[in-house]
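Colleague: No letters, just coordinates:
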């Protein structure tokens, strides 16, 4: 019984660090606010470290692919307050170029003017990141 308890104790000591908060550089995600055409804002939840790094670079004024492109999830605002839709975080990518059919204002998605599965506002700018 003592050996069993000792093995169990060692096992718990090895597992405990994996259960706690780690202080590594991995991000848990953020909500990124975009300003489109200088007039309308919308938000995307970003958890992918590479996409979050791109958003941070854009907010800092650095060059890079700046067009947020992702699948529209309708009838669920998610973090995109004020709208009835959000961008699927798993589909998000930042692009240098996209097709024109998914470009426009957030209100164009809301009002059904943009009917594409994707939303990709060419004039989008990262204006805030809420970690």
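Modeller: Yep, that arrived. Not measured: the values here are computed from a predicted model.

Colleague: tell me which residues of the helix or strand residue 109 falls within are tucked away?
Modeller: Element membership of residue 109 [criterion: DSSP states H and E] is helix 106-110. Across helix 106-110, burial judged by 16 or more other CB atoms under 10 Å covers 106, 108, 109, 110. C-beta here means a position set from N, CA and C on the backbone, and glycine is covered the same way.

Colleague: quick one: low-confidence parts of this structure?
Modeller: 1-27 (pLDDT under 70).

Colleague: For residue 74, see how far away the residue nearest the centre of it is.
Modeller: The chain has residue 46 as the residue nearest its centroid, 1.5 Å off, counting by CA atoms, centre = their mean. Relative to residue 74, residue 46 is positioned 20 Å away (CB to CB, to the nearest Å).

Colleague: Please apply the same query to residue 40.
Modeller: 18 Å.

Colleague: what ranges do the helices span in the protein?
Modeller: With helices called from DSSP state H, the chain shows them at 2-19, 49-59, 106-110.

Colleague: hmm, who's touching the last one?
Modeller: Translated: helix 106-110. Contact with helix 106-110 is made by 36, 40, 41, 42, 72, 80, 83, 84, 85, 114, 119, 121, as judged by CB atoms under 8 Å, 6 or more residues apart in numbering.

Colleague: For those residues, give me TSV that also has neighbour count.
Modeller: Formatted as TSV, the contacts of helix 106-110 follow (neighbours: other CB atoms under 10 Å):
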residue	neighbour count
36	21
40	18
41	16
42	27
72	19
80	23
83	18
84	12
85	17
114	21
119	26
121	24
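
Colleague: Thanks a lot, see you next time.
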